[in-house]
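S.K.: Could you look at this predicted model? Sequence included:
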Amino acid sequence: MFRSLSRVHRSTPFLARGFAAPSSAGGLDLSVLGITPQPNTKIFRNLGYDDIYDHEVASGLTVVKNGTVSVDTGKFTGRSPKDKYIVESKPSSDNIWWGPVNRPMKPEVYKRLHKEVTSHFSNNAKNIYVFDGYCGANPASRKKVRFVTEIAWQHHFVTNMFIRPKTAEEIEGFEPDFTIINGCNVTNKNWKEDGLNSEVFVTFNVEDRTALIGGTFYGGEMKKGIFSMMHYWLPLSGIMSMHCSANIGKDGDTALYFGLSGTGKTTLSADPNRNLIGDDEHGWDDHGVFNFEGGCYAKTINLSEATEPEIFHAIRRDALLENVHVDPNTKEVDFFNVEKTQNGRVSYPIHHIPNYQESSLGSHPKAIFFLTCDAFGVLPPVSKLSASQAMYHFLSGYTAKVAGTERGVTEPEATFSACFGAAFLTLHPTKYADLLQEKLKTHGTHVFLINTGWSGGAYGEGERMSIKVTRAAIDAVLNGSIHEAPMRTDDRFGFEVPTELPGVPSKLLNPRETWADTSKYDATADKLVGMFKKNYEKFVDPNMTDYSPYGPK
């Protein structure tokens, strides 16, 4: 079933589908990673999509009715943030934002885990898959990345998500800037003695330019692992790294959508009237915005052709479904069945979106949207922020953790995540805030707070904001009509809120009016204000600009 060329196997080019054949086997030396495969181990490098499909089918994966492969990642249907570590080593240890997000690991522990993972590949792996590609569409700052896995669908995942080489020559003599070895079948049996959280580990060695994954099969660990490293490298070079989606209009106007998983980054950036630059990870340098990735990773909960047609139609051959319900008899997918998890996903190459921006580049943004899933039902659907208010809300990063996105989260809960992505930051949040402040000042970008969460009550009582309403608010920003709309100043938060906006019911623009019990709204709003203030206390420091006066009163 599998085609082979000597010991390292390669595929026929599929240039029309955005993927090219790899270079010859020469130069692919896994021993530099500590991996010495057995003579009967097959090594596959940069497989084309048809070969990947053959491998997946041979491994017993489900193929749904329309030809898309579906995988179940086991008990891990989201990231394991408490199992993420960075090796304590100079000079990176002087830069890292140590704490709950970035936990330290002793070099000797990493060394032992590295040996255990590479020994597993050397002695037990029947197949080894190597993907060589890029992170970052701008050649001036892109990173060469390598992923070593033993599971075909994981090779598929990174092939979808990262920038694929366009020619065979590109990866001849490929020297990666960073390598992730995915030893998902390996667990750390000594985790208690090592003082770690569990037998699972996702650990990064900045100086060694490698990372190890063990004990979890979830594909998102590879994607977000490289994202965390880009959050380390780029800001130290004066380039803004961002957890946001981006699209561009016919007139070249770029918009950014910041937000955590489940707030609408992927959905809202897939706009039929604008070209998609990317759905999740971007950089902003002196020339403009650029995508980090070559694919998209969308949530599938309640997905339908009517509400999200671009994403719905992106699910076809070469896409990869994760943890979705498939009828065992008909092979039909039910995106409304969330018995497995509410964090069902699909990864697909970006060219599955018809109106994608082929260059993956954009101009300096005209508008920035901070997307928040307000679980309390307090915030209006759209608010206009001053530059100083934007800095306050960027550092606050208020949203809600959406069920299933992280291990152990079963229903939305209010949280504050600095820069709308604290889980992926490797440097202190103020480093990114300083870069954003500079960009806003230089380019005069307008910033808006968009609530994609609840109205008419808190989670469990009110209703979630419809995509139609959210799109209407965003369209008003993009076409400029919001600047002509009548505004009121919110009594608690101080930002400006339109009182009338095409496509948005006026009642929604004043959230208090949507609650049956306005006194209950007042009490809930006061509670949320208190949460904002308490959270922001950690950013009040004599050595940094104090934006707390621009927060809620």
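M.R.: Nice, thanks for sending it over.

S.K.: To which secondary structure element is Y134 assigned?
M.R.: Applying DSSP states H and E as the criterion places Y134 in strand 127-135.

S.K.: Which secondary structure element comes immediately after that strand toward the C-terminus?
M.R.: Downstream of strand 127-135, the next assigned helix or strand under DSSP H and E is strand 143-149.

S.K.: The helix or strand following that next one packs against which elements?
M.R.: Later in the chain than strand 143-149, the nearest helix or strand by DSSP H and E is helix 152-161. Judged by 3 or more C-beta pairs under 8 Å, 6 or more residues apart in numbering; DSSP states H and E, helix 152-161 is in contact with helix 49-58, strand 69-71, strand 127-135, strand 143-149, helix 220-236, strand 295-299, strand 320-322, strand 345-349. Glycine gets a C-beta too; all of them are placed from N, C-alpha and C.

S.K.: Put together JSON lines for the ones you listed, with mean neighbour count, distance to A433 and mean pLDDT on each row.
M.R.: Output for the helices and strands packed on helix 152-161, formatted as JSON lines (neighbours: other C-beta atoms under 10 Å; distance: least, C-beta to C-beta, whole Å; pLDDT from 0 to 100):
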{"stretch": "helix 49-58", "mean neighbour count": "18", "distance to A433": "40", "mean pLDDT": "97"}
{"stretch": "strand 69-71", "mean neighbour count": "23", "distance to A433": "38", "mean pLDDT": "98"}
{"stretch": "strand 127-135", "mean neighbour count": "24", "distance to A433": "23", "mean pLDDT": "97"}
{"stretch": "strand 143-149", "mean neighbour count": "23", "distance to A433": "23", "mean pLDDT": "98"}
{"stretch": "helix 220-236", "mean neighbour count": "22", "distance to A433": "10", "mean pLDDT": "98"}
{"stretch": "strand 295-299", "mean neighbour count": "26", "distance to A433": "26", "mean pLDDT": "94"}
{"stretch": "strand 320-322", "mean neighbour count": "26", "distance to A433": "33", "mean pLDDT": "98"}
{"stretch": "strand 345-349", "mean neighbour count": "25", "distance to A433": "30", "mean pLDDT": "97"}
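
S.K.: can you tell which of those is closest to S245?
M.R.: strand 295-299 (8.8 Å; C-beta to C-beta).

S.K.: and the closest one, what does it pack onto?
M.R.: Looks like strand 295-299 contacts helix 152-161, helix 265-269, helix 309-314, strand 345-349 (3+ C-beta pairs under 8 Å, 6+ apart).

S.K.: Go through those and name the closest to T62.
M.R.: Evaluated with C-beta to C-beta, the helices and strands packed on strand 295-299 place helix 152-161 nearest to T62, the distance being 10.7 Å.

S.K.: Okay, strands next: where are they in the stretch 301-450 of the chain?
M.R.: Assigned by DSSP state E, counting those that start in this stretch, the strands in the stretch 301-450 of the chain fall at 320-322, 325-326, 333-334, 345-349, 361-362, 365-372, 382-385, 398-401, 413-416, 446-451.

S.K.: How about residues contacting the second one?
M.R.: If I follow you right, that is strand 325-326. Here strand 325-326 makes contact (C-beta atoms under 8 Å, 6 or more residues apart in numbering) with 62, 64, 70, 332-335, 337-340, 344.

S.K.: so can I have a markdown table of these showing distance to R471?
M.R.: Formatted as a markdown table, those follow (distance: C-beta to C-beta, whole Å):
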| residue | distance to R471 |
| --- | --- |
| T62 | 33 |
| V64 | 28 |
| S70 | 29 |
| E332 | 28 |
| V333 | 25 |
| D334 | 25 |
| F335 | 20 |
| N337 | 26 |
| V338 | 24 |
| E339 | 30 |
| K340 | 29 |
| G344 | 23 |
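
S.K.: Which other helices and strands does the host helix or strand of D522 contact?
M.R.: Using DSSP H and E, D522 sits within helix 518-536. Identification of packing neighbours for helix 518-536 by 3+ C-beta pairs under 8 Å, 6+ apart yields helix 387-396, strand 413-416.

S.K.: Buried deepest among these, which one?
M.R.: Mean neighbour count (mean count of other C-beta atoms under 10 Å) peaks for helix 387-396 among the helices and strands packed on helix 518-536, with a mean of 22.

S.K.: Give me the packing partners of it, helices and strands only.
M.R.: On a contact count with 3+ C-beta pairs under 8 Å, 6+ apart, helix 387-396 meets strand 365-372, helix 429-443, strand 446-451, helix 518-536.

S.K.: Run through the stretch 401-550 of the chain and note the low-pLDDT ranges.
M.R.: Residue ranges of the stretch 401-550 of the chain with pLDDT under 70: 401-412.

S.K.: In contact with the residue lying closest to K65 once chain neighbours are set aside, which residues?
M.R.: Distance criterion C-beta to C-beta, 6 or more residues apart in numbering; nearest residue to K65, sequence neighbours excluded, is K331 at 4.5 Å. Neighbouring residues of K331 by C-beta under 8 Å, 6+ apart: 62-65.

S.K.: What separation do you get for K331 and S70?
M.R.: 9 Å (C-beta to C-beta, to the nearest Å).

S.K.: where do the contact lists of those two overlap?
M.R.: Residues touching both K331 and S70 (C-beta under 8 Å, 6+ apart): 62-64.

S.K.: Does R79 have any beta-bridge partners, and if so which?
M.R.: Beta-bridge pairing of R79 under DSSP bridges involves E406.

S.K.: Confirm for me that it is in contact with K224.
M.R.: Yes - look at R79 against K224 with C-beta atoms under 8 Å: they come within range, at 6.3 Å.

S.K.: what's the burial count for G238?
M.R.: Here the count is done by other C-beta atoms under 10 Å, and G238 has 10 residues near it.

S.K.: Can you give me the separation between the closest residue to it other than its chain neighbours and G283?
M.R.: Residue nearest to G238 in three dimensions, not counting chain neighbours: L435, with 7.4 Å by C-beta to C-beta, 6+ apart. Distance, L435 to G283, using C-beta to C-beta: 10 Å.

S.K.: higher neighbour count, the two?
M.R.: Neighbours per residue, other C-beta under 10 Å: of L435 and G283, the larger number sits with G283, 22 against 18.

S.K.: residue contacts, G133?
M.R.: Counting by C-beta under 8 Å, 6+ apart, G133 makes contact with 46, 144-145, 158-159, 162-165, 294.

S.K.: switch to 6 Å and redo it
M.R.: By C-beta atoms under 6 Å, 6 or more residues apart in numbering, the contact list for G133 reads 162-164.

S.K.: ok, A400 touching G377?
M.R.: No - using C-beta atoms under 6 Å, A400 is not in contact with G377; the gap is 10.9 Å.

S.K.: circling back to that earlier point, any of the contacts of strand 325-326 buried? List them.
M.R.: The neighbour count (16 or more other C-beta atoms under 10 Å) marks 62, 64, 70, 333, 335, 338, 340, 344 as buried among those.

S.K.: just those residues now: which is nearest E310?
M.R.: Comparing the buried ones among the contacts of strand 325-326 against E310 with C-beta to C-beta places F335 closest, at 14.8 Å.

S.K.: That closest one and Y218, how far apart?
M.R.: When distance is defined by C-beta to C-beta, F335 is 19 Å away from Y218.

S.K.: Then L303?
M.R.: With C-beta to C-beta as the criterion, L303 and Y218 are 20 Å apart.

S.K.: the more surrounded of these two?
M.R.: Set L303 next to Y218 and count neighbours by other C-beta under 10 Å: Y218 wins out with 27 against 19.

S.K.: The nearest residue to that one once chain neighbours are set aside: neighbouring residues, count only.
M.R.: Spatial nearest neighbour of Y218, excluding adjacent residues (C-beta to C-beta, 6+ apart): F76 at 4.3 Å. By other C-beta under 10 Å, the residues close to F76 number 20.

S.K.: What is the three-state secondary structure of F76?
M.R.: The three-state label given to F76 by DSSP: H, G, I helix; E, B strand; the rest coil is coil.

S.K.: This completes my enquiry, with thanks.
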